[in-house]
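Asks: The sequence and its predicted three-dimensional model are supplied below.
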Amino acid sequence: MNRESWIGLLMLFCSSVGFITNWMIVVLIYQTTKLKQPFAILTVALAVIDATFSTLYLFYATPMVLFNISILESYSAVCGFVLMLCYNAGTIIHFVISLNRFLAVFTPILYHKIFNVLFTKYITLCVLIYTCIIITLFFGILGCENYYNPAVVAFSYSRQPICSVFAFYGDFCEVLILTVVGAAMDLITIWKVLKMRIRTERGQKDLNFLKQSLSQTFFVLTIVVCFTWGPKLTTGTDVTFLFSSILWSAVHCFDGVFTLIFNGEVRQKLKTGSQVRSSFVSGAKSFF
């Protein structure tokens, strides 16, 4: 099996899991909350972004790598443009989720002023508009491209000087700062919640939301470190491909996985759905 094949299979696995879990989260949280809770709005927004990335990775990028489809390679910059939109927007939404939990615990009055349902939707919309402006500026107007490079079996920036500017400031610095600050806020908030020793159902629910946020943020931070220094610390080319092709997809895949693990509302909805399906199957068997 050549490197494109096994990398493509790993891409298939990550993108499939991301596709299934994130679209499932979108449906389940909407059914449960009707988007009348700020945290639910942010979680769904992140899940939609991750699901879009995973969908494109599953049905475009993975076949392109597995089967060396030249027509897909020739338009890979278009795919790369959308992937960059999702990656950038997802990073900012991660930070907003951490800020949401931080304010909810430390300044409840300010929290309710900022993160009411309507304003949370405005915040989400502003994140999407900002992302579209930045990515369109660099990858649509100034000539930078994020395209599939068969030589490294991964999406890569083109060699224009403007791409180096974006790679350092718009990619590495922005993502690193947002994830480090977000992780710090999550850790401080979890410390505060544990110190308050809230044993109520609401307190446990808030703690689970924090675990979801912290897990997602720390995973993104780990991926940023691997993106940046992983290829420089290894001499194996096949390992280098993993840092660029697989981990980028894993960011969006594990967002969905962590939400399924820690979000009690999603788990309860899944449990209820399983019970309904089990009752239906038992009834059908009895009938026949």
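Replies: Yep, it's here.
Asks: ok now do the residue sitting nearest the centre point of the chain, which residues does it touch?
Replies: The residue lying closest to the centre of the chain (C-alpha atoms, centre = their mean) is His252, at 3.5 Å. His252 makes contact with Gly18, Asn22, Ile49, Asp50, Ala51, Phe53, Ser54, Tyr57, Cys86, Tyr87, Gly90, according to C-beta atoms under 8 Å, 6 or more residues apart in numbering. (C-beta placed from N, C-alpha, C; glycine too.)
Asks: What segments of the stretch 1-150 of the chain are strands?
Replies: 146-149 (DSSP state E, counting those that start in this stretch).
Asks: just for it, where's the confidence low?
Replies: Within the stretch 1-150 of the chain, the ranges that satisfy pLDDT under 70 run 1-4.
Asks: from memory Ala154 sits against Ser245, does it?
Replies: Yes. Ala154 is in contact with Ser245 according to C-beta atoms under 8 Å; the separation is 4.4 Å.
Asks: and the two? which has more neighbours close in?
Replies: Taking other C-beta atoms under 10 Å, Ala154 and Ser245 do not tie; Ser245 has more neighbours (26 against 20).
Asks: doesn't Cys14 make contact with the more buried one?
Replies: No. At 9.3 Å, Ser245 does not count as touching Cys14 under the criterion of C-beta under 8 Å.
Asks: shared neighbours of these two, anything?
Replies: Common contacts of Ser245 and Cys14 (C-beta under 8 Å, 6+ apart): none found.
Asks: need the contact list for Ile92.
Replies: Val127, Tyr130, Thr131, Leu178.
Asks: Now with 7 Å, please.
Replies: Taking C-beta atoms under 7 Å, 6 or more residues apart in numbering, we find Ile92 in contact with Val127, Thr131, Leu178.
Asks: try Met11
Replies: Contact partners of Met11, counting by C-beta under 7 Å, 6+ apart, are Tyr57, Ala61, Thr62, Val65, Ser245, Ile246, Ser249.
Asks: Just the ones in helices from those residues, please.
Replies: In helices, defined here by DSSP state H, the members of these are Thr62, Val65, Ser249.
Asks: For burial, what's the neighbour tally of the closest residue in space to the last one that isn't next to it in sequence?
Replies: Think Ser249. Take Ser249 and drop its neighbours on the chain: the residue closest to it by C-beta to C-beta, 6 or more residues apart in numbering is Cys14, 4.1 Å away. Using other C-beta under 10 Å, Cys14 has 24 neighbouring residues.
Asks: right, and Cys14 touches Val251 too?
Replies: No. Using C-beta atoms under 7 Å, Cys14 is not in contact with Val251; the gap is 9.3 Å.
Asks: can I get the CA coordinates of stretch 71-78 in CSV?
Replies: Extracted C-alpha coordinates of stretch 71-78, given in CSV (Å, rounded to 0.1, in the frame of the first residue of the first chain):
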residue,chain,number,x,y,z
ILE,A,71,-9.9,17.0,-11.9
LEU,A,72,-10.3,17.3,-8.1
GLU,A,73,-6.7,18.2,-7.7
SER,A,74,-7.0,21.0,-10.3
TYR,A,75,-9.8,22.6,-8.3
SER,A,76,-8.4,21.8,-4.9
ALA,A,77,-7.8,25.5,-4.1
VAL,A,78,-11.5,26.0,-4.0
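Asks: From Gly140, how far off is Phe106?
Replies: For Phe106, the distance to Gly140 equals 40 Å [C-beta to C-beta, to the nearest Å].
Asks: repeat for Tyr60
Replies: To Gly140, Tyr60 is 19 Å away according to C-beta to C-beta.
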